[in-house]
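Q: following is a predicted model, sequence given first.
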Amino acid sequence: MRIGIDARLIAYRRGGISNYTRHLLSALADLDPETDYRVLRHRRDRTRREAGANFRRATMWTPCHHRLERWALGVEIAPLRLDLLHSPDFIPPAFGACRFVITVHDLNFLYYPQFLTAESRRYYNDQIAWAVARADHILAVSETTRADLIRLLGVPSEKVTVTYEGVLPAFRPLPPAVVQETLSRYNLHPGYVLFVGTLEPRKNLPGLLRAYRILLDRREVSVPLVIVGSRGWLYEEIDRQVETLRLQEHLRFLPDTPDADLPALYNGAALLAMPSFYEGFGLPVLEAMACGTPVLISDRGSLPEVAGAAAVIVNPDDPEDIATGLARGLSDPDLRARLRADGPAHAARFTWKETARRTLEVYRRAVS
């Protein structure tokens with residue numbers, strides 16, 4: 001087979017789908033040294049070496065999320081003579097003499113259109129129905145997303161395969177001295193509350209800030225809230241909340257944190273808080289669990305599916321409930337001991353090797 005993997009998004013942004021694409025490429029290279037892979041990279045991508053000897057770069061000029069993307073990319077892939085193209089960012093080309101597999105990470109834009117800019121709503125809403133119909137097969141990163149595809153878009157169940165994301169081996173309990181070395185560079189001490197994710201409305205950071213303020217007023221928390229992540233769309237409400245709630249002295253924003261520092265930041269946290277309104281998967285939850293850090297999640301989207309019983313679960317619409325969950329997760333010794341013990345074992349079930357294995361099965365099935 002000659003398989004193309006669309007990795008153009010890596011040139012535009014970190015995290016999320018870009019990380020999914022990078023980790024999948026690496027795991028496929030370890031698993032499959034024989035298939036002829038072509039990695040579609042945008043011309044601005046400075047990656048110098050591909051994941052394996054059977055992975056070759058194909059430089060593309062077509063920009064991501066452009067209104068003519070489908071047609072321009074179809075022209076560019078024609079000379080590659082692919083048997084299959086995988087689009088991790090879910091929009092396949094409009095035409096091409098090959099099979100198409102797409103990954104759908106979530107349908108947040110259908111559930112919460114108000115959480116997107118008008119431009120983003122048009123891009124996603126105008127294309128998702130076409131994309132799932134155009135694809136020969138669809139990968140969903142959770143059973144929740146698979147069910148959403150079937151229910152909201154009428155996708156036949158046999159057309160969707162769940163391929164969970166994985167946790168890298170770097171996310172594990174670390175020696176205190178190693179953790180402290182990283183924390184010292186950020187002027188942090190162990191025991192803070194941690195949030196990891198893009199600063200955008202669906203992450204419900206304003207709800208977390210209100211809950212944190214409630215605990216400060218009750219004197220039930222004295223540790224800072226550390227926020228790791230870059231600003232996404234419609235982040236302005238977060239800035240307003242910080243000022244309105246007078247939280248400037250209690251927050252630490254770390255917008256450009258290197259991936260290599262994340263394991264230590266998880267290890268140093270007393271609790272990871274992720275009270276999102278919607279997640280298609282929620283990888284920071286598993287990364288924190290793998291480090292032995294207790295987690296708090298919302299009862300929405302895929303988070304209960306991904307976390308299982310190894311988390312504190314709250315209602316994201318209710319700051320009081322989030323505050324109660326934070327207080328329990330920070331102060332209940334029996335609960336904390338259970339979450340610290342259960343988390344690593346639960347997270348160990350999710351590996352990029354298994355993601356790659358299931359993905360490769362779909363490639364072969366689609367081509368045959």
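A: Thanks, I have it. Numbers count the residues shown, from 1 in each chain.
Q: show me which helix or strand of this protein is least confident by mean pLDDT.
A: None of the helices or strands of the chain scores lower by mean pLDDT, DSSP states H and E than helix 118-125, at a mean of 77.
Q: contacts only, for the residue nearest to Met1 when sequence neighbours are not counted.
A: Among residues not flanking Met1 along the chain, Asp83 sits closest, at 4.8 Å (Cβ to Cβ, 6 or more residues apart in numbering). For the C-beta atoms, the positions are set from N, CA and C on the backbone; glycine is no exception. Under the criterion of Cβ atoms under 8 Å, 6 or more residues apart in numbering, the contact list for Asp83 reads 1-3, 98-99, 367.
Q: let's see it at 10 Å
A: Asp83 makes contact with 1-4, 35-36, 97-99, 363, 366-368, according to Cβ atoms under 10 Å, 6 or more residues apart in numbering.
Q: among these, which one has the most neighbours?
A: Ile3 (27 neighbours; other Cβ atoms under 10 Å).
Q: which strands or helices does the helix or strand hosting it pack on?
A: Element membership for Ile3 (DSSP states H and E) is strand 2-6. Applying 3 or more Cβ pairs under 10 Å, 6 or more residues apart in numbering; DSSP states H and E, we find strand 2-6 packed against helix 16-31, strand 36-42, strand 55-60, helix 69-77, strand 84-87, strand 99-104, helix 352-367.
Q: out of these, nearest to Arg328?
A: helix 16-31 (29.5 Å; Cβ to Cβ).
Q: quick one: the closest one to strand 2-6, angle?
A: 150 degrees (axes from the mean of the first three to the mean of the last three Cα atoms, to 10 degrees).
Q: buried sites along helix 16-31?
A: Under the neighbour-count criterion of 16 or more other Cβ atoms under 10 Å, helix 16-31 has 16-29, 31 buried.
Q: elements contacting that helix?
A: strand 2-6, strand 36-42, strand 55-60, strand 84-87, strand 99-104, helix 283-290, helix 352-367.
Q: switch to 8 Å and redo it
A: Under the contact criterion of 3 or more Cβ pairs under 8 Å, 6 or more residues apart in numbering; DSSP states H and E, helix 16-31 touches strand 2-6, helix 352-367.
Q: of these, which stretch is the most buried?
A: Highest mean neighbour count among the helices and strands packed on helix 16-31 (mean count of other Cβ atoms under 10 Å): strand 2-6, with a mean of 24.
Q: got the angle between that strand and helix 352-367?
A: Using the same axes, to 10 degrees, strand 2-6 lies at 120 degrees relative to helix 352-367.
Q: now do the host helix or strand of Ala270 and helix 283-290, the angle between them.
A: Ala270 belongs to strand 269-274 when assigned by DSSP H and E. Orientation of strand 269-274 against helix 283-290 (the same axes, to 10 degrees) gives an angle of 150 degrees.
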